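Everything below, folded, please.
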Amino acid sequence: MTHPFPPPPIQPFERLQASDGLLINAERWQKAHNYHRLRQNTHYQCLNQPGIVCGLGVRDIPAPSNVQAKYRDGRWVQIQPGIAIDVAGNLIVVNRHYDFPIDLEVVSSQPIMVYLVVSYVDPDELRRSQQREIIQETYRIDQRNSTLEPSEIEICRILLEPGQTAVTQSAEVFFPGYNDIDLRYRRRAQARPQSIVRMAQVNHNDDDCSRNFFNLSYLLQSVEPLYPYLRGIEEPGQVRWEDNIQAYDLLYITGQKELELNDIQFRAVKNYLNSGGVLLVDAPADANPLIDSIHRLAEQLEHPIIPLEEMRRDFPLRTQPFLFAALPIIHQQPIRLFVDGGIVLAVGDLGSAWGLDRDLSLPRLMIRTAQELGINILNYARIRRQLMGLQQQDDSGQW
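From the prediction side, this is the model:
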């Protein structure tokens, strides 16, 4: 997986070399100004991520009176003025209200998701009937029912039901229903995180392997507000050993049973760890078969895991970004960590405190402390993979 907002291409800038007597024509003037535009956009790409700066609200409206009668239905929205910045660093300025029809049809019996997007339009790429001295940068508003283009900024989304149903304002903005304008997933223009960390649960031969899956989402959601330099992907993945596990920085395993790997799976795990990946095994205190099998696996990999308390005091799991002297106590059970060679064994069911429990009884301090230790583990995975990757050949330039 690549960064959702990739850095600019790694290539040198070229600028006009001025000298006395240089003849300035339109081509040279354009080159001189394009240099500054490109440099400004590249600066934004390096330090920030695209999104909405301000405005661009959306409301449902009656069909405008100047449109044909057959188009006067209840699927018109009005986009408010606002500013956004796209993935290339281009400024998108919507300077007036814009009436737009949602005219995608639901051809199946299932609802479809419609995305309303805005994108930058370079006036140099537009056909013009006549040359003008001053041209205005502009924008394009479109609707999509599939994956958005990287250059597009989401304004809103609407889950359309089959039939000619009207688009409506949501009575509950946190939980929009069918045909409601949904503004929850708009990205804000903001500082770029240093890294995006990707996490997946490994589904293996244990019926209990997915018991903390929803808590992985809570952990990933906690990363940005608690440690803005790091960002978690929106949803954790689910993989098996045979899948492309290299796409993830951290693989999460839990359950009760012994972890059994055949020769192919063992080689996949070994290659994954050697490339910088981290295997987090989150074992309940009484899951002895799972705990014992992880110790054996580490010995087979020639990196026996040892208790964190026997590591250096400044080991990153204990210090980065949150400082831990004693580790958290979860359900009256102290967490213990064993580490080496990319394997992190957490004994004490750490993941059970990353989110909401069934009875809503976990104290806030316990959840927050467990999440902070989880972020230390994610950060450790991110740094380990980055540092090991920098020692390998990589021409991509990806962050």
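
use CA for all of it now, contacts and neighbours both
Noted.

pretty sure G163 contacts V106?
Yes: using C-alpha atoms under 8 Å, G163 is in contact with V106, at 7.0 Å.

These two: which is more packed in?
Regarding G163 and V106, a neighbour count based on other C-alpha atoms under 10 Å identifies V106 as having more, with 17 against 12.

Quick one: residues contacting the residue nearest to A200 when sequence neighbours are not counted.
The spatially closest residue to A200, leaving aside those adjacent along the chain, is G237, at 4.1 Å (C-alpha to C-alpha, 6 or more residues apart in numbering). Contact criterion C-alpha atoms under 8 Å, 6 or more residues apart in numbering gives 199-201 as the residues in contact with G237.

would N66 count as being in a helix?
No: when classified by DSSP: H, G, I helix; E, B strand; the rest coil, N66 is found to be coil rather than part of a helix.

For it, give me the pLDDT.
Note for N66: predicted pLDDT of 81.

got it, and the one 3 residues further on?
Model confidence at A69, given as pLDDT, is 71.

And Q130, by the same measure?
Looking at Q130, its pLDDT stands at 68.

Other residues contacting whichever strand or helix holds Y252?
Remark: Y252 resides in strand 250-254, with elements defined by DSSP states H and E. Judged by C-alpha under 8 Å, 6+ apart, the contacts made with strand 250-254 from elsewhere in the structure are 197-203, 208-212, 245, 277-283, 378, 381.

now those: which count as buried?
197-203, 209-210, 212, 245, 277-283, 378, 381 (16 or more other C-alpha atoms under 10 Å).

mind listing what's buried in stretch 263-271?
Of the residues in stretch 263-271, those with enough neighbours to count as buried (16+ other C-alpha under 10 Å) are 266, 268-270.

Redo those residues as TSV? Include pLDDT, secondary structure and distance to I83.
Converted to TSV, the buried residues of stretch 263-271 look like this (pLDDT from 0 to 100; DSSP: H, G, I helix; E, B strand; the rest coil; distance: C-alpha to C-alpha, whole Å):
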residue	pLDDT	secondary structure	distance to I83
F266	96	helix	51
A268	95	helix	47
V269	96	helix	46
K270	96	helix	48
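
can you put those residues in JSON lines and add distance to A63?
As requested, those are exported to JSON lines (distance: C-alpha to C-alpha, whole Å):
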{"residue": "F266", "distance to A63": "62"}
{"residue": "A268", "distance to A63": "58"}
{"residue": "V269", "distance to A63": "58"}
{"residue": "K270", "distance to A63": "61"}
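
now, among the residues you listed, which is nearest to P363?
Distances from P363 to those, taken as C-alpha to C-alpha, are shortest for V269 (36.1 Å).

If we ignore the residues flanking it in sequence, what's nearest that closest one?
Nearest-residue entry for V269: W241, 7.7 Å, with adjacent residues in sequence omitted and distances by C-alpha to C-alpha, 6+ apart.

Next, the contact list for the one you found, please.
For W241, the set of contacting residues under the criterion of C-alpha under 8 Å, 6+ apart consists of 202, 265, 268-269.

what's the pLDDT at it?
Turning to W241, the model gives it a pLDDT of 94.

Helix or strand for it, just tell me which one.
When secondary structure is defined using DSSP H and E, no element contains W241, which sits outside every helix and strand.

can you pull out the helices in the stretch 151-300 of the chain?
Listed in chain order, the helices of the stretch 151-300 of the chain (DSSP state H, counting those that start in this stretch) span residues 213-226, 263-274, 288-300.

picking up where we left off before, the strand holding Y252 to helix 288-300, inter-axis angle?
Taking axes from the mean of the first three to the mean of the last three C-alpha atoms, to 10 degrees, one finds strand 250-254 and helix 288-300 inclined to each other by 140 degrees.

who's in contact with stretch 90-106?
41, 56, 64, 75-86, 112, 114, 119-120, 138-139, 143, 160-163.

Only the C-alpha atoms, please, for the strand holding Y252, written as PDB.
Once side chains and other backbone atoms are set aside, the C-alpha atoms of strand 250-254 remain, and they are given as PDB (Å, rounded to 0.1, in the frame of the first residue of the first chain):
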ATOM      1  CA  LEU A 250       1.900  -4.500  12.100                       C
ATOM      2  CA  LEU A 251       0.000  -7.800  12.200                       C
ATOM      3  CA  TYR A 252      -2.200  -8.500  15.200                       C
ATOM      4  CA  ILE A 253      -2.800 -12.000  16.600                       C
ATOM      5  CA  THR A 254      -4.900 -13.100  19.500                       C
END
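
Partner strands of that strand, with direction?
Under the criterion DSSP bridges, strand 250-254 sits next to strand 199-202 (parallel), strand 278-283 (parallel) in its sheet.

possible to save these as a markdown table with mean pLDDT?
As requested, the strands paired with strand 250-254 are exported to a markdown table (pLDDT from 0 to 100):
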| stretch | mean pLDDT |
| --- | --- |
| strand 199-202 | 96 |
| strand 278-283 | 97 |
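
would you turn those strands into TSV with distance to H331?
What follows is the strands paired with strand 250-254, written out as TSV (distance: least, C-alpha to C-alpha, whole Å):
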stretch	distance to H331
strand 199-202	23
strand 278-283	14
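
Just tell me which of those ends up closest to L387.
Proximity of the strands paired with strand 250-254 to L387 was assessed by C-alpha to C-alpha; the nearest stretch is strand 278-283, lying at 12.8 Å.

just the angle between that closest one and helix 263-274, please?
If you take the same axes, to 10 degrees, strand 278-283 sits at 110 degrees to helix 263-274.

Contacts made by strand 278-283 with the rest, please.
Contacts of strand 278-283 from elsewhere in the structure, counted by C-alpha under 8 Å, 6+ apart, are 249-256, 272-273, 290-291, 294, 342-351, 381, 384.

same thing but at 7 Å, please
Strand 278-283 has contacts (C-alpha atoms under 7 Å, 6 or more residues apart in numbering) with 249-255, 291, 342-351, 381.

for stretch 63-74, same thing?
By C-alpha under 7 Å, 6+ apart, the list of residues contacting stretch 63-74 from outside reads 62, 76, 166-167.
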